[in-house]
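> need a 3D model of the sequence below.
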Amino acid sequence: MVRPVRSRCQGPGPCPSGVDRSPADHALRTETGRLAGLLPAARMVFWYERPGPDESGAREGLMNLDGVELPEDATVFLCGPLPLMREVRAQLLRAGVPAQRIRYEVFGPDLWLPGSAD
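Numbering: from 1, shown residues only. Prediction:
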C-alpha cells in the first residue's frame, strides 16, 4: 500500500505503520521501510508483541493510535485481518477521521458488505 500512496503524497506526515508478533514475522517489513524512505517527511510507527532489540523505536503490544499524530485531512489505508481493522477503524473514527477517508483491504472474508451479519 505504500507504493500507491507515494504517487499521491503531498506535504508532510505520511505515516506507514504496521503491527505483528515481531519484526521477523512482519510481512514486507524491509520493503515498507525502503518505500517509506522515499516519502517526504515520512515517519514509520510499528507495534509488535515482541519488538526485540533491532526495533528500539517500536511500540509494544496491540496497535493503539493514542499519541500518533494524524493529519487533519488524512486518508487512511488499512489492510489485515478483520478484527484488527475493526479496532483500528474505531480508533480512527474516535480520532475524527471521517469514515469515507478510511479505505481497507480485507485479508479474509469481507463481512462489512451490505447484508452481512455485522
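
> where does R21 land on pLDDT?
Confidence at R21, expressed as pLDDT, is 85.

> contact partners for the nearest residue to it once chain neighbours are set aside?
Nearest-residue entry for R21: E49, 4.8 Å, with adjacent residues in sequence omitted and distances by CB to CB, 6 or more residues apart in numbering. For every residue, glycine as well, the C-beta is placed using N, CA and C. Each residue near E49 by CB atoms under 8 Å, 6 or more residues apart in numbering is listed here: 20-22, 60-61.

> quick check, L84 in contact with D20.
No - counting by CB atoms under 8 Å, L84 does not reach D20; the two are 10.2 Å apart.

> more neighbours: which of these two?
D20 (18 against 15; other CB atoms under 10 Å).

> need the overlap of contacts for L84 and D20.
By CB under 8 Å, 6+ apart, L84 and D20 have no common neighbours.

> quick revisit: dump the contacts of E49 to TSV, plus secondary structure and distance to L92.
Below are the contacts of E49 laid out as TSV (DSSP: H, G, I helix; E, B strand; the rest coil; distance: CB to CB, whole Å):
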residue	secondary structure	distance to L92
D20	strand	19
R21	coil	23
S22	coil	25
E60	strand	21
G61	coil	18
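
> out of those residues, who's nearest G80?
Of all those, G80 sits closest to D20, with 9.4 Å by CB to CB.

> can you give me the end-to-end span of stretch 54-72?
End-to-end span of stretch 54-72 (CA to CA, to the nearest Å): 32 Å.

> can you mark which positions in it are buried?
By 16 or more other CB atoms under 10 Å, the buried positions in stretch 54-72 come out as 55, 58-59, 63, 65.

> over to stretch 29-44?
Neighbour-count burial for stretch 29-44 flags 29, 32-33, 35-36, 39, 42, 44 (criterion: 16+ other CB under 10 Å).

> likewise stretch 72-83?
The neighbour-count check on stretch 72-83 (16+ other CB under 10 Å) flags 74, 76, 78, 80, 82 as buried.

> before we move on, what about stretch 82-97?
Judged by neighbour count using 16+ other CB under 10 Å, the buried positions of stretch 82-97 are 82, 85, 88-89, 91-92, 97.
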